[in-house]
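Undergrad: model this:
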Amino acid sequence: MLRLFSKTLKTGVVTERVKKPTSDDLEQLGIEVKQQIDRHFKGSLAIREVDAGSCNGCELEIHALNNPIYDVERFGVHFVASPRHADVLLVTGPVSRHMQTALLRTWQATPEPKWVIAAGDCAVCGGEFGESYACCGGVDKVIPVDVTIPGCPPTPKMLLKGILGLINGVKTQSQPLAASQK
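TA: Numbering: from 1, shown residues only. Next comes the predicted model:
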């Protein structure tokens, strides 16, 4: 135990330094997200996050979206507990065989119109897990994906940009959603 402790003291911190987002840059991105959500979703966008077999790195970054620095609630982005209340499914991790049916059922329980964001390299293409006896690969192998956000893990700012990209994609596909369509 002492050997491990001394090795840790000698090695020090080996993680990357994270550049703190500038408040002006983040605020501009948030204001743009809020304007698009107000225009196309009548004030709020409900997201259901689904972990399909990840290492939880992406989840930590998604949870950071709700911390006081990013605070996406003020921009109209809300995380919900049920897919029945969601507009968007935010899926992380490669889809394990055990989660395949659960992910499909979650997607089916989400009301129309619905969109799917694959967040992180594992969700986009299977990452280092790929396809195997235990893993289906990326999310697109199980359900249709509208937006992908690469990164291992993607930063909260990248996630916010991905949400904005989804909203802009919705904008190009159709007119603003009526309350009866949502």
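
Undergrad: Paired strands for the strand or helix carrying Ala118, with orientation please.
TA: Element membership of Ala118, judged by DSSP states H and E, is strand 115-119. The pairing partners recorded for strand 115-119 under DSSP bridges are strand 88-92 (parallel), strand 147-149 (parallel).

Undergrad: so which of those strands is the most packed in?
TA: strand 88-92 (a mean of 27; mean count of other Cβ atoms under 10 Å). C-betas here are computed from N, CA, C, even on glycine.

Undergrad: re the thing from before, any idea how far the strand holding Ala118 is from the chain center?
TA: 7 Å (Cα atoms, centre = their mean, to the nearest Å).

Undergrad: now do stretch 134-142
TA: With Cα atoms, centre = their mean, you get 16 Å for stretch 134-142.

Undergrad: Do you know the pLDDT at Lys42?
TA: Lys42 is assigned 82 on the pLDDT scale.

Undergrad: Excluding chain neighbours, what is closest to Ala134?
TA: Excluding the flanking residues, the one nearest Ala134 by Cβ to Cβ, 6 or more residues apart in numbering is Arg97, at 5.7 Å.

Undergrad: so who does the one you found touch?
TA: 133-136 (Cβ atoms under 8 Å, 6 or more residues apart in numbering).

Undergrad: try 10 Å
TA: 53, 132-136 (Cβ atoms under 10 Å, 6 or more residues apart in numbering).
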